[in-house]
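1. Kindly return the folded structure for what I paste below:
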Amino acid sequence: MDINDFDYDLPNASIAQEPLPVRTDSRLLTDIESQIKHSTMNDFPEMLKQGDLIVLNNTRVLPARFHTKKTTGGKAEILLLEQTESEIYWDALVKPSRKIATGTFFKFGEDFGIEVLDDQGGGLRKVRLEVKGELIPLFEKYGEMPLPPYINKKLDNNDRYQTVYSQRSKSAAAPTAGLHMTKELLERCVAKGAKVEFVELVVGLDTFRPVSSQRIEDHQMHSEFFEVPKHVLEECSKAKRVIAVGTTTVRALETAALGRLKGRTDIFIKRPFDFKIVDLLLTNFHLPKSTLLIMLDAFLGKRWKLLYEEALLENYRFLSFGDAMLVKRQPLERHDKSES
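-> Just a heads-up that it's a prediction; the model follows:
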């Protein structure tokens, strides 16, 4: 398939630059019975049935973007992605990577510094941290939330780029579909007869890298750590409907369906894909030509284009701080048919 098949016109005005004051005020486009409806996330519990299972990714975002200066005075940026062989060695995106020599050391304070090491291509570098004290408090002291590059407004409250149920600080980006959830909303879901379970997928490099190959089959996914507890997989098998909150949750669950519950996954979900677990998907509106949009195409077929056209026409807010959609998986045989 050609990457241009996953392109659409996204006006800058449609890109949400900040979260809404109330999480559940986000709009919700639903397409469950081949009929498009408009509501808000506050209405989500009313769409549930007895026996539904809601699965969420409980990873937490690290405030691990560091701005600094080179000795020449030019600006530099280091985004820590994932620790490697030990706590002090990490993979990182470095800008401008080609202009930073191996061994360059950036000092942020008496208790924290970063040495830039091996060049792995594409801006990816190995780095070594020099720390005195606990790592996470130092990140919070010197680092910033790694907001996507299309967001140019500074975040007033870092908690708004965290889900309310996040646990271990590991990710380089938020599982943004979960940003619409509140504890009260999840309690209402349970009151409607649904169960709520959690998996972990550490969001990494592919969130920041667009598909660069013309044929999507040539795109190489970056692997990410995931874990699906055994009891969650068992609950999925018993559920009337499995509702995945976010594309990262889908990747974790569908990897587990292949026989692995923990480790690293580089699964690339593209059409045709035989979904084994997920029935409904709650997700945000994604960037053109992204792996997330390619996954949505595998889930819905070409119907995603109609839904995106409707969302743009109705002035939905797009991307990480934007609105959401709840969609039902379409059988493979319907994917290439015209949807209207």
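2. what residues are up against the residue nearest the centre of the chain?
-> Closest to where the C-alpha atoms of the chain average out (C-alpha atoms, centre = their mean) is Pro175, at 3.9 Å. Residues in contact with Pro175 (C-beta atoms under 8 Å, 6 or more residues apart in numbering) are 56-57, 59, 163, 201, 203, 245-246, 248-249. Heads up, the C-betas are built off the backbone N, CA and C, glycines and all.
3. just Lys126 next, same as before
-> 84, 89-92, 117-118, 120 are the contacts of Lys126 under C-beta under 8 Å, 6+ apart.
4. rerun that using 7 Å as the cut-off
-> 89, 91, 117-118, 120 (C-beta atoms under 7 Å, 6 or more residues apart in numbering).
5. Equivalent analysis for Thr84, please.
-> Going by C-beta under 7 Å, 6+ apart, the list of residues near Thr84 reads 90-91.
6. same thing with Gly113?
-> Neighbouring residues of Gly113 by C-beta under 7 Å, 6+ apart: 105-107, 130.
7. With secondary structure as extra columns, can I get the residues you listed in a markdown table?
-> Shown next, in a markdown table, are the contacts of Gly113 (DSSP: H, G, I helix; E, B strand; the rest coil):
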| residue | secondary structure |
| --- | --- |
| Phe105 | strand |
| Phe106 | strand |
| Lys107 | strand |
| Glu130 | strand |
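8. Identify, from the residues you listed, the entry nearest to Glu18.
-> The closest of those to Glu18 turns out to be Phe106 (C-beta to C-beta; 29.3 Å).
9. Let me know the helix or strand that the residue nearest to the closest one when sequence neighbours are not counted is in.
-> Once flanking residues are discounted, Phe106 sits nearest to Thr68: 4.5 Å by C-beta to C-beta, 6 or more residues apart in numbering. Using DSSP states H and E, Thr68 sits within strand 65-69.
10. follow-up on the earlier one: dump the contacts of Gly113 into CSV; add pLDDT, distance to Ala311 and neighbour count as well.
-> Output for the contacts of Gly113, formatted as CSV (pLDDT from 0 to 100; distance: C-beta to C-beta, whole Å; neighbours: other C-beta atoms under 10 Å):
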residue, pLDDT, distance to Ala311, neighbour count
Phe105, 95, 47, 10
Phe106, 96, 42, 21
Lys107, 95, 46, 12
Glu130, 96, 47, 14
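11. Out of those, which comes closest to Lys302?
-> Phe106 (47.2 Å).
12. And Thr102, what's its pLDDT?
-> The model reports Thr102 with a pLDDT of 95.
13. same question but for His335, I mixed them up
-> 60.
14. isn't there a strand covering Val116?
-> Yes - Val116 forms part of a strand when assessed by three-state DSSP.
15. Check the spacing between Lys70 and Ala13 real quick.
-> 35 Å (C-beta to C-beta, to the nearest Å).
16. for Val242, that is, sorry about that
-> From Val242 to Ala13 the distance is 35 Å (C-beta to C-beta).
17. Repeat that for Arg241.
-> 35 Å.
18. List the contacts of Gly133.
-> So Gly133 contacts Asp111 (C-beta under 7 Å, 6+ apart).
19. Let me know the helix or strand that it is in.
-> Assigned by DSSP H and E, Gly133 falls within no helix or strand.
20. and it, what pLDDT?
-> 92.
21. again, but for Ala64
-> So, for Ala64, pLDDT stands at 94.
22. Any idea what the closest residue to it other than its chain neighbours is bridged to?
-> Nearest residue to Ala64, sequence neighbours excluded (C-beta to C-beta, 6+ apart): Leu80, at 3.9 Å. Beta-bridge partners of Leu80, counted by DSSP bridges, are Ala92.
23. all numbers from here: first residue = 6
-> Let's use 6 as the start, then, which means that last one is Leu85.
24. surely Leu85 meets Val66?
-> No - look at Leu85 against Val66 with C-beta atoms under 7 Å: they stay out of range, at 11.4 Å.
25. Spell out which residues are contacts of both of these two.
-> Between them, Leu85 and Val66 share no contacting residue, judged by C-beta under 7 Å, 6+ apart.
26. what stretches of the stretch 106-255 of the chain score poorly on pLDDT?
-> Along the stretch 106-255 of the chain, the model assigns pLDDT under 70 to residues 211-213.
27. Contact partners for the closest residue to Leu67 other than its chain neighbours?
-> Setting aside the residues directly before and after it, Leu67 is nearest to Ser174 in space (C-beta to C-beta, 6+ apart), at 5.0 Å. Counting by C-beta under 7 Å, 6+ apart, Ser174 makes contact with 65, 67, 141.
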